[in-house]
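K.L.:
requesting a structural model of the entry that follows:
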Amino acid sequence: MKNNLKPTEAELEILQVLWGLGACTVRTVNDELSKRKGVEIGYTTTLKIMQLMYEKGLVKRNDEGKTHIYEAAVSETATKTQLLDKFVASVFGGSALKMVMQALGGKQSNTQEISEIRRFLEEMENKQDDQDHSNNPTNKGGAK
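P.N.:
Residues are numbered from 1 along each chain as shown. As a prediction, this is how the structure comes out:
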C-alpha cells in the first residue's frame, strides 16, 4: 500500500465497494454503501471521504468527463495483508498461531469450515515440504 497508509474504517468500506464493482462514480459508491448498511449515507459525506482518499493516494480519479470516475489505487490483497500484519503484530505479539487459536476458539466452526481449514493447512505443509526439498543441497546433485 502506498506510504504504508492505514485506511480508516470508512475508507476501507469505500475500497471494498471499489474492489467489488471496479471504477465507478461517487453516486454509485454512495448508493452501494447505503444498500450495504441499510441506512441512507449522505452523498457529500461519501464525496468528501473519496476526495481525501484521492489526496492520500488510496484511489485514482478520472476527471476527463463531466462526472468523476474513481477506482482503487491500492490492491485488495496488499491492503488486507498490511492491515492483518499490523493487527497480528499489535494484538497477538506477532504470533499468527495465537490469532488463529483465538479465532477458532471464539466461535463454533462447522464441519465444512474445519475441512477447508484442514485442506489449507495441508497445502501449506506441502508447499513447505517442496521448499525444504528444493533448498536441501543433497537434492540438487551438489552434495560435498
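
K.L.:
for the most centrally placed residue in the chain, which three-state class applies?
P.N.:
Centroid-nearest residue in the chain, with C-alpha atoms, centre = their mean: K80, separated by 2.4 Å. Here K80 is helix, with the state taken from DSSP: H, G, I helix; E, B strand; the rest coil.

K.L.:
got the buried residues for the worst-scoring helix or strand of the chain on mean pLDDT?
P.N.:
Among the helices and strands of the chain, helix 96-105 carries the lowest confidence by mean pLDDT, DSSP states H and E, at a mean of 85. Neighbour counts using 16 or more other C-beta atoms under 10 Å place M99 of helix 96-105 among the buried residues. For the C-beta atoms, the positions are set from N, CA and C on the backbone; glycine is no exception.

K.L.:
repeat for stretch 20-38
P.N.:
C24, V26, T28, V29, N30, D31, E32, L33.

K.L.:
and what of stretch 58-70?
P.N.:
L58, V59, R61, I69, Y70.

K.L.:
list the contacts for the first one?
P.N.:
What that stands for is L58. K2, L5, P7, E11, L15, A72, A73, V74 (C-beta atoms under 8 Å, 6 or more residues apart in numbering).

K.L.:
quick one: the second one and G57 touch, right?
P.N.:
Yes: the pair L5 / G57 is scored as a contact, 7.1 Å apart, by C-beta atoms under 8 Å.

K.L.:
identify the contacts common to those two.
P.N.:
Applying C-beta under 8 Å, 6+ apart, one finds that L5 and G57 are jointly contacted by V74.

K.L.:
quick one, phi/psi of I69?
P.N.:
Main-chain dihedrals, I69, degrees, to the nearest 10: phi -110, psi 130.

K.L.:
list the contacts for it?
P.N.:
A23, C24, T25, R61, N62, D63.
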